[in-house]
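Undergrad: For reference, the sequence and a predicted model appear below.
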Amino acid sequence: KQEVTQIPAALSVPEGENLVLNCSFTDSAIYNLQWFRQDPGKGLTSLLLIQSSQREQTSGRLNASLDKSSGRSTLYIAASQPGDSATYLCAVRPPGTYKYIFGTGTRLKVLA
Amino acid sequence: DAGITQSPRHKVTETGTPVTLRCHQTENHRYMYWYRQDPGHGLRLIHYSYGVKDTDKGEVSDGYSVSRSKTEDFLLTLESATSSQTSVYFCAISEAPGGAGETQYFGPGTRLLVL
């Protein structure tokens, strides 16, 4: 059974730092992986989607990498800003199904 | 922002009563999903739909049923609400399988309290 883990559960950093959020999954057979952002009391916003054949995707200050063989994805945030404060979740889709499996998220706080 | 609305946004109900939550989209996307979000459990899939009248169960489907009679509407029904179904419910949509079409867009959520 596929399981998705995000460690740490919470992280505080000073403004301007580059940081890495981690996502681990137990079964390397995935179709794709998505990273989302969730602000308090709101729905999720998609940040990046990486297909299983891709190694990374970039959007602005965000870069997500995927290493299927080791069951890991990382979300790199460059030059963090207080507006980046949110919970970041990753989700994987196993092949042969449209059922996404989510991690429990990392709550990020960027201090001004 | 993708055009997704959920109604009601907040609901308080009593144990044993049926409850229906509605998700409405204006994007004409084929796939629609219902998730629940609970502390310590993250998001868990309840049911999803891959077309009108085509639905499938997720990992926590017991006690829930769904219906999709039109592309734009996906209804989630709690047949007899229990306190364990107190949660925040999110609807999501995606366009098509493969590539960027799999990006999921989420609604604002419905907070349900079962007393």
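TA: Looks like it came in fine. Numbers count the residues shown, from 1 in each chain, chains lettered A, B, ... in the order given.

Undergrad: Contact partners for A:A78?
TA: The contact partners of A:A78, taken as Cβ atoms under 8 Å, 6 or more residues apart in numbering or on different chains, are A:N18, A:R61, A:L62, A:N63. Glycine gets a C-beta too; all of them are placed from N, C-alpha and C.

Undergrad: Over to B:L45?
TA: The neighbours of B:L45, taking Cβ under 8 Å, 6+ apart as the test, are A:K99, A:Y100, A:I101, B:Y33, B:W34, B:Y35, B:G58, B:E59, B:V60.

Undergrad: Restrict the contacts of A:A78 to the buried ones and give me that as a ChimeraX selection.
TA: In ChimeraX, the members of the contacts of A:A78 classed as buried (16 or more other Cβ atoms under 10 Å in any protein chain shown) are selected with the following command:
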select /A:62,63
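
Undergrad: got a list of what A:K42 touches?
TA: Residues counted as contacts of A:K42 (Cβ under 8 Å, 6+ apart) are B:P108, B:G109.

Undergrad: Retrieve the pLDDT associated with it.
TA: On pLDDT, A:K42 comes in at 92.

Undergrad: Kindly report the same for the one 5 residues further on.
TA: At A:L47 the predicted local confidence, pLDDT, stands at 96.

Undergrad: before we move on, what about the one 4 residues further on?
TA: Residue-level confidence at A:Q51 comes out at 91, pLDDT.

Undergrad: Tell me how far it lies from chain B.
TA: Noted for A:Q51: a distance of 7 Å to chain B, by Cβ to the nearest Cβ, to the nearest Å.

Undergrad: and that residue, what are its phi and psi?
TA: The phi and psi torsions at A:Q51 (degrees, to the nearest 10) take the values phi -70, psi 160.

Undergrad: could you list every residue that touches it?
TA: Applying Cβ under 8 Å, 6+ apart, the residues near A:Q51 are A:Y31, A:N32, B:G99.

Undergrad: for the residues you listed, which one is nearest A:Q81?
TA: Nearest to A:Q81 among the contacts of A:Q51: A:N32, at 27.7 Å, using Cβ to Cβ.

Undergrad: Residues of chain B that sit close to chain A?
TA: Neighbours of chain A within chain B, by Cβ under 8 Å from any Cβ of the partner chain: B:31, B:33, B:35, B:40-45, B:48, B:50, B:56, B:58-59, B:90, B:92, B:97, B:99-100, B:102-109.

Undergrad: could you flag which of the residues you listed are buried?
TA: Among those, the ones that count as buried by 16+ other Cβ under 10 Å are B:31, B:33, B:35, B:42-45, B:48, B:50, B:58, B:90, B:92, B:102-107, B:109.

Undergrad: Take those residues and keep only those in strands.
TA: B:31, B:33, B:35, B:42-45, B:48, B:50, B:90, B:92, B:105-106 (DSSP state E).

Undergrad: Need the worst-confidence member of those.
TA: On pLDDT alone, B:G42 ranks lowest of those, at 84.

Undergrad: Quick check, that one in contact with A:C90.
TA: No. Contact between B:G42 and A:C90 fails when scored by Cβ atoms under 8 Å: they sit 10.0 Å apart.
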